[in-house]
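1. Sequence first, predicted coordinates after that:
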Amino acid sequence: MELNKLTLTEAIKGLREKQFTSVDLTNACFEQIEKFDGEVKSYITLNKEEALAQAEEADRKIASGDELPPLLGIPVAVKDLFCTKGLRSTGASKILENYVPPFDATAVKKIREQGGVILGKVNLDEFAMGGSTENSGFFPTKNPWDLDRVPGGSSGGSAAALAADMCLYSLGTDTGGSIRQPASFCGVSGLKVTYGRVSRYGVMAMTSSLDTIGHFGKNVEDVALILSCIAGKDPLDSTTPDEPVDDYLKEINKDIKGLKIGLPKEYFIEGMDESVRDLILAAAKKFEEMGAEIVDISLPHTDLAIAAYYVICPSEVSSNMARYDGMRYGLSNRDDKTLEEIYNSSRESGFGAEVKRRIMIGTYALSSGYYDAYYKQAMKVRTLVREDFDKAFESVDMILTPTAPTPAFKLGENISDPLKMYLGDVFTIPASLAGICGLSIPVGLDNGLPVGAQLLGKRFDEKTILRAGHQYQQVTDFHKAKPDLK
Ligand code: GLN
């Protein structure tokens, strides 16, 4: 048995039944990393020593037979945007290359408290700005399905590590698509929660009004289980409301007879990949066979969403990046003489091109005289997009769309054309602006490359999209397909 290939649910069962230990499981992941991560390059930092100590501790707890939390002894890969106490956390930026946080992000803390095993920190686009992981300040990650292609981004390391079985699940963040799109490109299941469902405390902020925490699993059941472990109110993040956390594992077992699924016409557009369209329509047909009702809907402001996002995001970025000033923490070029020179030179050498681009666009959009024309206008569009979804959800329970217009593209293909890269976010950004939840699940292969369908749900209604995704995976096998790593 290749332990690293187990799903979370299988691994939990095996640990409880003492078929293997957490140390075995952890070692299997590190062996896989040793074999394949030289090529895939998903990890920035390995945490081997601590991980094995955590695994030993988990094995002791299992042996004691006390009540066992679900994530006990299970190895996880964490996007390097999360602060991890005592473990280097870079945001994939040179400006934080040697930064070791004195505290844990809340999501990480919850996993640690359950006795989770933290394998290491995985790659991303610098501070989560990008859609291919090529904007990492260190190196690009490759797609395990085709090493000439990107894994998607910004949580590309999290998706690639999981697709290559170098962990059992992984944490990511999604501001405009950063979990859903890499999940689609790498053939795994990925959840972007409703804004506020999971605490953002201790996760480096990119666009504070859009950032959400989420995760990747080998199937939807795993995704549901992880959510039940990390969701909920956090006194350290005032955007987490006191909304009850559902019993996701129970909810997903209900059938989907009579569920109304909307198919928005604006998501099946000219210029999208034909096979992607066909695979999504085939998934819709499958849902229909399972008893759901497919309803044609319209989300009329969809085409304005990208433009609004690429004003709002850089605006908030320009403010959030101000904390990296070369004085407080991180890279500091102290040889420069004046304070202003230290600021300038630390930021000049610490930030990559995309981060600088967004700081400049955002500073411009927020400057007096331009604010009304750009930022305020974008916020109005955001409201329209949100109202589109609110209206649609009056008549449907869930919305089905493609996650991305194409399968994974080649490394280097879009990187020199930011606009082209931004346009790839066309199907994920509207839901981010609306603050609703979204799940990407594999629905087939296009020329050997995974394609994901996006299931969008009402605010705090993760249970419905998880249920639909899980029920779909009971009657299909697309989520079981694996890349052929050699
Ligand atoms: N690709 C989008 C961007 O570049 C989304 C990134 C994200 O969700 N973090 O901003």
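-> All right, it came through fine. Numbering: from 1, shown residues only.

2. how about residue 12, what does it touch?
-> Contact analysis of residue 12 by C-beta atoms under 8 Å, 6 or more residues apart in numbering lists 70, 74. Where C-beta positions appear, they are placed from N, C-alpha and C, glycine not excepted.

3. any idea what it is structurally, helix, strand or coil?
-> helix (DSSP: H, G, I helix; E, B strand; the rest coil).

4. Could I get the pLDDT score of it?
-> For residue 12, the pLDDT comes out at 97.

5. what about it, distance to residue 463?
-> Here the criterion is C-beta to C-beta, to the nearest Å. By it, residue 12 lies 21 Å from residue 463.

6. Check residue 173 too.
-> For residue 173, the distance to residue 463 - C-beta to C-beta - is 21 Å.

7. ok, now residue 315?
-> For residue 315, the distance to residue 463 - C-beta to C-beta - is 33 Å.

8. which of those two has more neighbours?
-> residue 315 (24 against 21; other C-beta atoms under 10 Å).

9. avg pLDDT for the helix or strand that contains that one?
-> Per DSSP states H and E, residue 315 falls inside helix 305-320. What helix 305-320 shows for mean pLDDT is 97.

10. tell me which residues in it are buried?
-> Residues of helix 305-320 classed as buried: 305-306, 308-320 (neighbour count, 16 or more other C-beta atoms under 10 Å).

11. That one: how far from the chain's middle?
-> Its chain's C-alpha centre and that of helix 305-320 lie 19 Å apart, by C-alpha atoms, centre = their mean, to the nearest Å.

12. Stretch 58-78 now?
-> Centroid displacement of stretch 58-78 relative to its chain, using C-alpha atoms, centre = their mean, is 24 Å.

13. For it, measure first residue to last.
-> 19 Å (C-alpha to C-alpha, to the nearest Å).

14. Show me which positions of that stretch end up buried.
-> Within stretch 58-78, the residues that qualify as buried are 58-59, 61-62, 68-78, counting by 16+ other C-beta under 10 Å.

15. and if you look at stretch 350-370?
-> 350-352, 354-355, 357-359, 361-363, 365-366.

16. CSV please, covering those and showing pLDDT and distance to residue 484.
-> Output for the buried residues of stretch 350-370, formatted as CSV (pLDDT from 0 to 100; distance: C-beta to C-beta, whole Å):
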residue, pLDDT, distance to residue 484
350, 97, 39
351, 98, 37
352, 98, 32
354, 97, 32
355, 98, 35
357, 98, 37
358, 98, 37
359, 98, 41
361, 97, 41
362, 97, 42
363, 96, 46
365, 95, 45
366, 94, 48
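
17. okay, stretch 343-353 in CSV with CA atoms only?
-> Extracted in CSV, the C-alpha atoms of stretch 343-353 (Å, rounded to 0.1, in the frame of the first residue of the first chain):
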residue,chain,number,x,y,z
TYR,A,343,12.6,51.9,2.2
ASN,A,344,13.3,52.3,-1.5
SER,A,345,16.1,49.9,-1.8
SER,A,346,14.5,47.1,0.4
ARG,A,347,11.2,47.3,-1.6
GLU,A,348,13.1,47.5,-4.9
SER,A,349,15.1,44.4,-4.3
GLY,A,350,12.4,42.6,-2.2
PHE,A,351,9.3,42.7,-4.4
GLY,A,352,8.9,41.1,-7.8
ALA,A,353,7.4,42.7,-10.9
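
18. one step back: point out the least confident one among the buried residues of stretch 58-78.
-> residue 68 (92).

19. before we move on, what SS does that residue have?
-> Look at residue 68: counting by three-state DSSP, its state is coil.

20. and the buried residues of helix 305-320 near the ligand, which?
-> Among these, proximity to the ligand is found for residue 313 (C-beta under 6 Å from any ligand atom).

21. out of the buried residues of helix 305-320, which one sits closest to residue 406?
-> Of all those, residue 306 has the smallest distance to residue 406: 15.5 Å, by C-beta to C-beta.

22. ok, the closest one touching residue 429?
-> Yes - between residue 306 and residue 429 there is a contact at 5.7 Å, judged by C-beta atoms under 8 Å.

23. Contact residues of the stretch 151-300 of the chain facing the ligand?
-> Counting by C-beta under 6 Å from any ligand atom, the residues of the stretch 151-300 of the chain near the ligand are 154, 174, 175, 176, 177, 178, 206.

24. In a markdown table, list those along with neighbour count.
-> Converted to a markdown table, these look like this (neighbours: other C-beta atoms under 10 Å):
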| residue | neighbour count |
| --- | --- |
| 154 | 33 |
| 174 | 30 |
| 175 | 26 |
| 176 | 29 |
| 177 | 31 |
| 178 | 36 |
| 206 | 26 |
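
25. so which pair among these is furthest apart in space?
-> Maximum distance among these (C-beta to C-beta): 12.4 Å, for 177 and 206.

26. most centrally placed residue in the protein?
-> residue 179 (2.4 Å; C-alpha atoms, centre = their mean).

27. Is that one in contact with residue 216, as I believe?
-> Yes - look at residue 179 against residue 216 with C-beta under 8 Å: they come within range, at 6.8 Å.

28. Pull up the overlap in contacts between those two.
-> With C-beta under 8 Å, 6+ apart, residue 179 and residue 216 have common neighbours 155, 158, 159, 172, 190, 191.

29. Of those - the most surrounded one?
-> residue 158 (40 neighbours).

30. quick one: the helices in the stretch 1-150 of the chain?
-> 8-16, 22-40, 48-64, 106-113 (DSSP state H, counting those that start in this stretch).

31. Please convert these to CSV, extending it with distance to residue 438.
-> Shown next, in CSV, are those (distance: least, C-beta to C-beta, whole Å):
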stretch, distance to residue 438
helix 8-16, 21
helix 22-40, 25
helix 48-64, 31
helix 106-113, 18
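
32. which of those is buried the deepest?
-> helix 106-113 (a mean of 22; mean count of other C-beta atoms under 10 Å).

33. tell me what that one is packed against?
-> Applying 3 or more C-beta pairs under 8 Å, 6 or more residues apart in numbering; DSSP states H and E, one finds that helix 106-113 contacts strand 117-122, strand 169-174, helix 220-230.

34. so who does the one residue in the stretch 201-350 of the chain that gets nearest to the ligand touch?
-> The minimum distance from the stretch 201-350 of the chain to the ligand, using C-beta to the nearest ligand atom, falls at residue 313 (5.4 Å). The neighbours of residue 313, taking C-beta under 8 Å, 6+ apart as the test, are 175, 176, 206, 207, 210, 358, 362.

35. for residue 220, what are its contacts?
-> Residue 220 is in contact with 189, 252, 439, 441, 466, 469, 470, 472, 473, 479, counting by C-beta under 8 Å, 6+ apart.

36. Now with 6 Å, please.
-> Applying C-beta atoms under 6 Å, 6 or more residues apart in numbering, we find residue 220 in contact with 189, 466, 469, 470, 473.
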